[in-house]
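> the following block contains a protein sequence and its predicted model.
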Amino acid sequence: MKFDNIIIGGGLSGLTSGIKLAEQGRKCAIVSSGQSAIHFFSGSFDLLGKINGQEVVNPLEEMKKLSLKHPYQRIGMENIAPLVNEVPQFLKRAGLSFSGQASKNHFVLTPMGVMKPTWLTIQDFTCFDTKDEFPWKKAVILNFSGFLDFHTLFIKDGLKKFEVNAQIKNIAMKEFEAIRRNPSEMRSSNIAKVFDQGEAINEFANKVNELSEGFEVVILPAVFGLMNNKVAADLKEKINKPLVLLPALPPSVPGIRSQIMLRQRFQELGGTYFLGDNVEEGVFENNRLIEIKTNNHGDIKLEADEFILASGSFYSKGIVAIHDKLYEPIFGLDIDGDNDRAQWLDEKFFNDQPYMHYGVKTDEHFRAMMNGKPIENLYVSGSVLGGANPLKEGSGAGISLLTSLHVAEQILK
Ligand SMILES: Cc1cc2nc3c(=O)[nH]c(=O)nc-3n(C[C@H](O)[C@H](O)[C@H](O)COP(=O)(O)OP(=O)(O)OC[C@H]3O[C@@H](n4cnc5c(N)ncnc54)[C@H](O)[C@@H]3O)c2cc1C
């Protein structure tokens, strides 16, 4: 099977470059072995939240201070602003609405009850201008009876810092009885499916309105709209108080919805998505990747003019660490990291951990290096790239979105 472009990995990064290339008429395929980090999505895409522990106000300006090895610096400051501006419209074309701007971080309330700076927040969630204030003083935190993935006490405790008087209450409804019988079934995605069917929402909203009498704001877990992005908006209309949705433990309902909608956009543009297929190796000729071999396709060759590796970081096995080495498991590409395991970790758990900066080595065009030479038609994007600590910096989605758009532009040139 021959494509213009094949992308390895169907997470945020792979889908972003796939959509961008398909929008420009390229015949693309994405091969993805499984779930991606977006299934754990908090509801916000981070661009740059902190540098050296200091909170960032204007990510677009302050990213100039990052190390020259950082993916943003390697895209080039002159190229970043147009890409950053492109993202909200790009997501909108896939049916995903986000609020926020790159020149000023806003804040979101986390499930630990603290405010966190971020770039783009999905429409269901509430954005705050400052981290020091919560606009309401009397809050009701509502949970579904038997739902263990929403830690209401943490939220209540966190809200005390803002001098909020919060009360926790539970909602029971017959629609949830079936999934409640087994605690492993009482997961956010199963609750969301009940609301997606449309019938439970009116009764639920009535109960919320009853239980929130005397309170200024309602806090609920974000379990609305798995396949249908109108459920949360509909609920907000039916509730007679401001509603703040907070992420529950994974699977993330807004994350799964985002993944589904991005994938639909890619397929509507003519893209082919091979789900549950693992890329195992590649055939190289004269510093070019000619074809890849996958688990499901056996002897059927998957060929393309250009390939993108978007296989994620350690979490998705895009890079792997074993007792004595780090490696990239599909092609054996060069790794920017330390093979001496003593260097991987800082003994202080909360310090910037060196291993978080490791990733596949690339040249200045984001082409993968193998044995010290760039592979001419194999580009690398997303969290499989090194040079950053997304967890410490709050830069995960920004790196994935911007490197993927940039790599797609390199291919389209
Ligand atoms: C648990 C978690 C939660 C996060 N939450 C947030 C958040 O809320 N906000 C934020 O800004 N950032 C977050 N991040 C940071 C995250 O890195 C980025 O947001 C981004 O989603 C990463 O996308 P990616 O496509 O680069 O990698 P991934 O999402 O890891 O996707 C890689 C994909 O490649 C596939 N793959 C790997 N190897 C192969 C192979 N051999 N063959 C075929 N397919 C393969 C995997 O199955 C996976 O689908 C989170 C990270 C993690 C780990």
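Great, that's in hand.
> any chance you could map the helices in the stretch 1-150 of the chain?
Under the criterion DSSP state H, counting those that start in this stretch, helices of the stretch 1-150 of the chain are mapped to 12-23, 59-62, 71-75, 77-93.
> could you identify which of those is most buried?
Burial of these is given as mean neighbour count (mean count of other C-beta atoms under 10 Å); helix 12-23 ranks first at a mean of 28. For the C-beta atoms, the positions are set from N, CA and C on the backbone; glycine is no exception.
> mind giving me the packing neighbours of it?
Applying 3 or more C-beta pairs under 8 Å, 6 or more residues apart in numbering; DSSP states H and E, one finds that helix 12-23 makes contact with strand 2-8, strand 28-32, helix 77-93, helix 253-268, helix 396-412.
> within range of the ligand, give me the residues from the stretch 1-150 of the chain.
Residues of the stretch 1-150 of the chain lying close to the ligand by C-beta under 6 Å from any ligand atom are 8-14, 31-34, 36-38, 40-42, 44-46.
> rewinding a little: okay, the helices of the stretch 1-150 of the chain in CSV with distance to Gln343 and mean pLDDT next?
Listed next are the helices of the stretch 1-150 of the chain as CSV, based on distance: least, C-beta to C-beta, whole Å; pLDDT from 0 to 100:
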stretch, distance to Gln343, mean pLDDT
helix 12-23, 27, 98
helix 59-62, 28, 97
helix 71-75, 21, 98
helix 77-93, 30, 96
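> Arg367: which of the ones you listed is closest?
Smallest distance to Arg367 across the helices of the stretch 1-150 of the chain (C-beta to C-beta): 11.9 Å, for helix 71-75.
> which strands or helices does the closest one pack on?
The contact analysis (3+ C-beta pairs under 8 Å, 6+ apart) places helix 71-75 against helix 396-412.
> hmm, 10 Å instead?
helix 77-93, helix 396-412 (3 or more C-beta pairs under 10 Å, 6 or more residues apart in numbering; DSSP states H and E).
> can you check which of these gets nearest to Leu109?
helix 396-412 (18.2 Å).
> residue contacts, the residue lying closest to Asp46 once chain neighbours are set aside?
In space, and not counting its chain neighbours, Asp46 is closest to Gly394: 4.1 Å by C-beta to C-beta, 6 or more residues apart in numbering. Contacts for Gly394 (C-beta atoms under 10 Å, 6 or more residues apart in numbering) come out as 44, 46-51, 55-56, 59, 105, 116-119.
> can you say which two of the residues you listed are spatially most distant?
That would be Ser44 and Ile51, which, of the contacts of Gly394, are the farthest apart (C-beta to C-beta) at 18.2 Å.
> got any ranges where the stretch 1-150 of the chain has weak pLDDT?
For the stretch 1-150 of the chain, no stretch has pLDDT under 70.
> in it, which residue sits nearest the ligand?
Distances between the stretch 1-150 of the chain and the ligand by C-beta to the nearest ligand atom are smallest at Gly11, namely 2.4 Å.
> what of the stretch 151-300 of the chain?
For the stretch 151-300 of the chain, C-beta to the nearest ligand atom, closest residue to the ligand: Val279, 3.7 Å.
> is that residue in contact with Ile292, as I believe?
Yes. The criterion here is C-beta atoms under 10 Å, and Val279 meets it with Ile292 at 5.1 Å.
> quickly list what's touching both of these two.
Ile6, Ile8, Val31, Leu302, Phe307, Ile330, Phe331.
> show me the contact partners of stretch 208-217.
126, 134-142, 164-167, 169-171, 218-220, 235, 238-244.
> ok, of the residues you listed, which come out buried?
126, 134, 136, 139-142, 164, 166, 169, 171, 218-220, 235, 239, 241, 243-244 (16 or more other C-beta atoms under 10 Å).
> ok, the residue lying closest to Leu48 once chain neighbours are set aside to Ile330 distance?
Nearest residue to Leu48 in three dimensions, chain neighbours excluded: Pro59, at 3.8 Å (C-beta to C-beta, 6+ apart). Distance of Pro59 to Ile330, given as C-beta to C-beta, to the nearest Å: 32 Å.
> returning to that earlier point: please give me every residue in contact with the residue of the stretch 1-150 of the chain closest to the ligand.
Residues in contact with Gly11, defined by C-beta under 10 Å, 6+ apart, are 30, 32, 34-39, 259, 262, 310-312, 315-316, 318, 382-384, 400, 404.
> mind giving me the ChimeraX command for buried ones among these?
A single ChimeraX command selects the buried members of the contacts of Gly11 (16+ other C-beta under 10 Å):
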select :30,32,35,36,37,38,39,259,262,310,311,312,316,318,382,383,384,400,404
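> which of the contacts of Gly11 fall in strands?
Those of those mapping onto strands are Ile30, Ser32, per DSSP state E.
> surely Lys373 meets Asp363?
Yes. Contact status for Lys373 versus Asp363: in contact at 8.9 Å, counting by C-beta under 10 Å.
> okay, helices next: where are they in the stretch 301-413 of the chain?
Using DSSP H, counting those that start in this stretch, the helices of the stretch 301-413 of the chain run over residues 390-393, 396-412.
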